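Colleague: here is a sequence with its predicted model. Questions after.
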Amino acid sequence: MSPSSGPVRVAVLDYKMSNLHSATKALERLGVEVVVVDGPTELDVDAVVLPGVGNFGQASTRMHDQGLDEVVSSAIQTGLPLLGICMGMQLFFEESEESPGIRGLGVLAGSVKRIPTDLKLPSIGWRTVRWADEPTRDDAYYFVHSYACVPDDPEIVTGTAHHGVDHCAAIRSGLVTGVQFHPEKSSRAGLALLGRWLAGVQATARVGIA
């Protein structure tokens, strides 16, 4: 980590099937200096964002083929905050019912399972997220998904949403954070959430300087 007095520097991982443009623009609106990374590199940033849309198997295969799994491992080993968005959060886990036999990044123990509901899938639209640590906050965020993360440790679930059944909408484990929704497409609430995450990044960077 190389924190400085300038803007926060965030690496956004590009595996050629993600919501790269919208995620990058949202971060830039918040004053972040974005560095797009599409292969193994030495990280000179304050945090890493893994966005994503599409199929779990294709996304995971591309991550491994491009060596971006090594970038994620390096970020964890060096103590960089890591944010996964939508498919990016799902990739943190070990496997998904969407793509049997394809391994995820294995950053977190658990799997990704199809939402067990009779309602139409994918779940598309605005859903209220209930936060474990902020029970009075009732902001709505934009979701597009058919699968949801099921961590082995339920204590890392920080937010839940409802589509026929309750499902995981956000997780946090140490410096690893994930959201199933798209904050970059969620108007003011999404930008505010990214702003809170970035405040945590800055706090981590200050600790790193000390």
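Modeller: It's in.

Colleague: and the pLDDT at the residue lying closest to Leu175 once chain neighbours are set aside?
Modeller: For Leu175, ignoring the flanking residues on the chain, the nearest one in space by CB to CB, 6 or more residues apart in numbering is Pro81 at 4.6 Å. For glycine as for every other residue, the C-beta is placed from the backbone atoms N, C-alpha and C. Model confidence at Pro81, given as pLDDT, is 98.

Colleague: same deal with Pro3?
Modeller: Note on Pro3: pLDDT of 45.

Colleague: residue ranges with poor pLDDT in this protein?
Modeller: Within the chain, the stretches with pLDDT under 70 are 1-5, 206-210.

Colleague: which residue is nearest the middle of it?
Modeller: Gly84 (1.3 Å; CA atoms, centre = their mean).

Colleague: please enumerate the helices of the protein.
Modeller: Here the chain has its helices, by DSSP state H, at 20-29, 56-65, 68-77, 87-91, 187-209.

Colleague: out of those helices, which gets nearest to Val150?
Modeller: Each of the helices of the chain has some distance to Val150 by CB to CB; the shortest is helix 87-91, at 10.5 Å.

Colleague: packing partners of the closest one?
Modeller: Using 3 or more CB pairs under 8 Å, 6 or more residues apart in numbering; DSSP states H and E, the elements in contact with helix 87-91 are strand 47-50, helix 56-65, strand 147-151, strand 176-179.

Colleague: in a markdown table, list those along with mean neighbour count and distance to Thr24.
Modeller: Shown next, in a markdown table, are the helices and strands packed on helix 87-91 (neighbours: other CB atoms under 10 Å; distance: least, CB to CB, whole Å):
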| stretch | mean neighbour count | distance to Thr24 |
| --- | --- | --- |
| strand 47-50 | 29 | 9 |
| helix 56-65 | 19 | 18 |
| strand 147-151 | 21 | 24 |
| strand 176-179 | 25 | 16 |
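
Colleague: as JSON lines, the ones you listed with distance to Gly200 would be great.
Modeller: Output for the helices and strands packed on helix 87-91, formatted as JSON lines (distance: least, CB to CB, whole Å):
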{"stretch": "strand 47-50", "distance to Gly200": "9"}
{"stretch": "helix 56-65", "distance to Gly200": "24"}
{"stretch": "strand 147-151", "distance to Gly200": "20"}
{"stretch": "strand 176-179", "distance to Gly200": "8"}
